[in-house]
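Novice: pasting the sequence and the predicted model now:
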Amino acid sequence: MARVEKDTLGNVEVPDDVYYGPQTTRAVENFRVSGQRLPPVFIKAQAAIKMASARANMETGKLEHLIGEAIYKAASEVREGKFDDQFVLDAFQSGAGTSQNMNANEVIANRALELLGFGKGRYDIINPNDHVNMSQSSNDTTHTAIHIAATETLANVLVPALRSLQKEIDSKSDEYMEIVKPGRTHLQDAVPVTLGQEFSGYSRMLKLGFQRLHRAMIDLKELNMGGTAVGTGLNTPPGFSNSAIREMKLITGIDFRLTENTFEATQGAGAILATSAALRDIAITLIKIANDLRLLSSGPRTGIGEIILPAVQPGSSIMPGKVNPVMAEMMNMVCFQVIGNDTTITMAAQGGQFELNVFTPVLAHNLLDSIKILSGGIDCFNERCIKGIEVNVKRCTELAESSLALGTSLAPKIGYEKAAEIAYEAHRNNKTVREIVENSELGITKEEAAELFDTLRMTGAKK
């Protein structure tokens with residue numbers, strides 16, 4: 001069964017059981033691209049905009065109270081996720097998210113009509129454009145929905161995941177602070193470090209990444225409520241923007257504020273771009289950590305083998321007993337995707353022309369995807385890998401003692417060139433630097449050698 005509705009292009013047959021209307025139906029036919037949709041967090045943000053706008057329009061006297069309350073109720077149900085299946089558009093759709101905005105307008109209009117006892121499509125009573133979209137435009141609502149969705153997801157999902165990961169890495173850093181191992185630069189032997197010092201570096205990198213993300217989130221909290229067409233505020237009653245932003249704070253519990261310049265907010269995508277860059281920065285840090293853990297756990301017989309990662313699944317379909325660092329590999333792949341998303345966001349952000357950046361659907365799709373997969377990846381990586389790391393202390397000690405870079409401690413006493421000769425001799429004869437020194441005629445006693453080659457002292461971690 002279908003009902004016949006019309007838009008400015010003419011009549012459209014709409015399935016009778018759906019809440020969307022003619023413009024959504026046309027867009028479904030037009031954009032059969034990927035099968036991917038903008039996520040529920042974006043729909044939730046769209047609903048918050050419609051709720052706040054309905055209240056603001058009622059407060060300013062522009063929207064009749066009975067209609068406004070029905071729209072608010074219908075939008076609140078959308079925000080609760082009750083109508084997610086009615087948001088049916090491909091993520092790759094009309095520029096500026098016009099179709100996506102109309103999808104929300106039509107669903108909310110028809111649900112509001114139902115709440116008032118009318119049938120779907122009675123747009124002479126509640127109109128998707130005239131009532132649900134009152135004092136709004138796709139020009140401002142789509143940008144605003146990205147800011148809201150990203151802020152809510154970052155605050156509620158990614159930030160807690162990052163904090164949990166950093167807490168675990170800090171704990172490991174404290175636990176491992178006196179476990180000496182060889183440092184490595186250029187993938188070659190370097191002076192000793194402790195495993196705890198190595199992990200403290202990871203922690204600081206994550207902390208700096210979080211600080212960059214926090215700064216980006218400050219800009220995300222600027223919303224373009226009431227900018228309407230190209231930022232002019234056309235058809236918006238006095239007081240609308242202040243009322244709408246006040247209502248948005250109540251709906252979300254987040255300290256959103258009005259944009260300082262509606263024209264910038266309509267044309268640009270700076271806050272989105274900065275947020276994506278911060279996510280890319282965190283991804284690069286996580287790639288470094290994951291790669292280090294893969295190398296440090298390599299083996300178990302023929303690699304470095306200083307740490308042991310949790311065995312969470314068999315590693316080979318042909319080699320029995322093989323266990324791979326699958327959680328670190330997963331983290332790598334997530335981060336590769338985040339970096340790819342950032343490239344798409346960069347291209348979309350620079351593609352805006354004149355008064356509007358029309359590439360908001362792909363900005364939304366990629367930014368929210370990055371937040372989602374990074375959050376999920378971090379949670380899995382932390383729970384299934386970081387928390388279960390074990391240390392092969394014997395292996396760490398053996399490798400630290402065998403490092404040719406221990407000759408560095410000799411340089412102040414016998415000079416750089418002589419110390420280098422001893423290191424070369426140790427390498428040629430497959431001995432440790434300590435063994436060469438103890439059997440040399442350098443006049444260094446065993447007691448002096450013991451102090452010189454105290455690897456924990458060399459790391460600066462000795463108390």
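Specialist: Okay, I see it. Model, not experiment: these values are computed from the prediction. Residues are numbered from 1 along each chain as shown.

Novice: skipping its backbone neighbours, what lies nearest F118 in space?
Specialist: Spatial nearest neighbour of F118, excluding adjacent residues (C-beta to C-beta, 6 or more residues apart in numbering): I125 at 5.5 Å. (Each C-beta comes from the backbone N, C-alpha and C, glycine too.)

Novice: number of residues surrounding that neighbour?
Specialist: Using other C-beta atoms under 10 Å, I125 has 16 other residues around it.

Novice: what's near enough to touch it?
Specialist: Each residue near I125 by C-beta atoms under 8 Å, 6 or more residues apart in numbering is listed here: 67, 113, 116, 118.

Novice: tell me the one of these nearest A265?
Specialist: Distance to A265, by C-beta to C-beta, is smallest for I67 among these, at 28.2 Å.

Novice: what's L208 sitting at in phi/psi?
Specialist: phi -60, psi -40 (degrees, to the nearest 10).

Novice: distance check, it against N105.
Specialist: From L208 across to N105, the span is 42 Å (C-beta to C-beta, to the nearest Å).

Novice: before we move on, the earlier item: JSON lines for the contacts of I125, including pLDDT and distance to N235?
Specialist: Output for those, formatted as JSON lines (pLDDT from 0 to 100; distance: C-beta to C-beta, whole Å):
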{"residue": "I67", "pLDDT": "98", "distance to N235": "17"}
{"residue": "L113", "pLDDT": "98", "distance to N235": "23"}
{"residue": "L116", "pLDDT": "98", "distance to N235": "24"}
{"residue": "F118", "pLDDT": "97", "distance to N235": "25"}
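
Novice: for the closest residue to L410 other than its chain neighbours, report the pLDDT, please.
Specialist: Of all residues not flanking L410 in the chain, A419 sits nearest, at 4.1 Å (C-beta to C-beta, 6+ apart). For A419, the pLDDT comes out at 88.

Novice: coming back round to it: looking at L208 and N105, which has the bigger crowd around it?
Specialist: Neighbour totals were compared for L208 and N105, and N105 leads with 28 against 13 (other C-beta under 10 Å).

Novice: need the contact list for the more buried one.
Specialist: Taking C-beta under 8 Å, 6+ apart, we find N105 in contact with 50, 128-129, 132-133.

Novice: ok, now R428?
Specialist: Listed by C-beta under 8 Å, 6+ apart, the contact set of R428 is empty.

Novice: so where does T397 fall, helix or strand?
Specialist: Assigned by DSSP states H and E, T397 belongs to helix 393-402.

Novice: do E425 as well
Specialist: Using DSSP H and E, E425 falls within helix 416-428.

Novice: show me how far that helix is from its chain's centre.
Specialist: 48 Å (C-alpha atoms, centre = their mean, to the nearest Å).

Novice: quick one: the residue lying closest to G61 once chain neighbours are set aside and G226, what's the gap?
Specialist: In this structure, G61 finds its nearest non-sequential neighbour in P237, 7.4 Å apart by C-beta to C-beta, 6+ apart. Distance check for P237 against G226: by C-beta to C-beta, it reads 9 Å.

Novice: tell me which of these two has more neighbours.
Specialist: Neighbour count, other C-beta under 10 Å: between P237 and G226, G226 has more, with 27 against 18.

Novice: ok now do the residue nearest to that one when sequence neighbours are not counted, which residues does it touch?
Specialist: Once flanking residues are discounted, G226 sits nearest to S241: 3.6 Å by C-beta to C-beta, 6+ apart. For S241, the contact set (C-beta under 8 Å, 6+ apart) comprises 56, 225-226, 233, 258.

Novice: in the following helix or strand past the helix holding E425, which residues are buried?
Specialist: Using DSSP H and E, the helix or strand that follows helix 416-428 towards the C-terminus is helix 433-438. Residues 433-438 are the ones in helix 433-438 that count as buried (16 or more other C-beta atoms under 10 Å).

Novice: in the helix or strand following helix 433-438, what's buried?
Specialist: Downstream of helix 433-438, the first helix or strand assigned by DSSP H and E is helix 446-452. Of the residues in helix 446-452, 449, 452 count as buried by neighbour count, 16+ other C-beta under 10 Å.

Novice: tell me what helix 446-452 is packed against?
Specialist: helix 433-438 (3 or more C-beta pairs under 8 Å, 6 or more residues apart in numbering; DSSP states H and E).

Novice: so what touches the helix it packs on?
Specialist: Defining contact as C-beta under 8 Å, 6+ apart, one finds that helix 433-438 is touched by 401, 403-404, 406-407, 410, 422-423, 425-426, 429, 444, 446, 449, 452-453.

Novice: what does the domain assignment say about this structure?
Specialist: If you go by automatic domain parsing, the domain ranges for the chain are 2-134, 140-394, 403-459.

Novice: report the mean confidence score over the helix or strand containing M217.
Specialist: Assigned by DSSP H and E, M217 belongs to helix 195-220. What helix 195-220 shows for mean pLDDT is 98.

Novice: I444 contacts K418, correct?
Specialist: No: counting by C-beta atoms under 8 Å, K418 is not a contact partner of I444; they are 11.4 Å apart.

Novice: need the overlap of contacts for these two.
Specialist: Common neighbours of I444 and K418 (C-beta under 8 Å, 6+ apart) do not exist.

Novice: after the least confident helix or strand in the chain by mean pLDDT, next one along is what?
Specialist: Every helix and strand of the chain was ranked by mean pLDDT, DSSP states H and E. The lowest is helix 446-452, at a mean of 85. Moving toward the C-terminus from helix 446-452, the next helix or strand (DSSP H and E) is helix 455-459.

Novice: list the buried residues of that next one.
Specialist: Within helix 455-459, the residues that count as buried by 16+ other C-beta under 10 Å are 455-456, 458-459.

Novice: neighbouring contacts of that helix?
Specialist: Helix 455-459 is contacted from outside by 178, 180, 191-194, 197, 400-401, 406, 408-409, 451, 462, using C-beta under 8 Å, 6+ apart.
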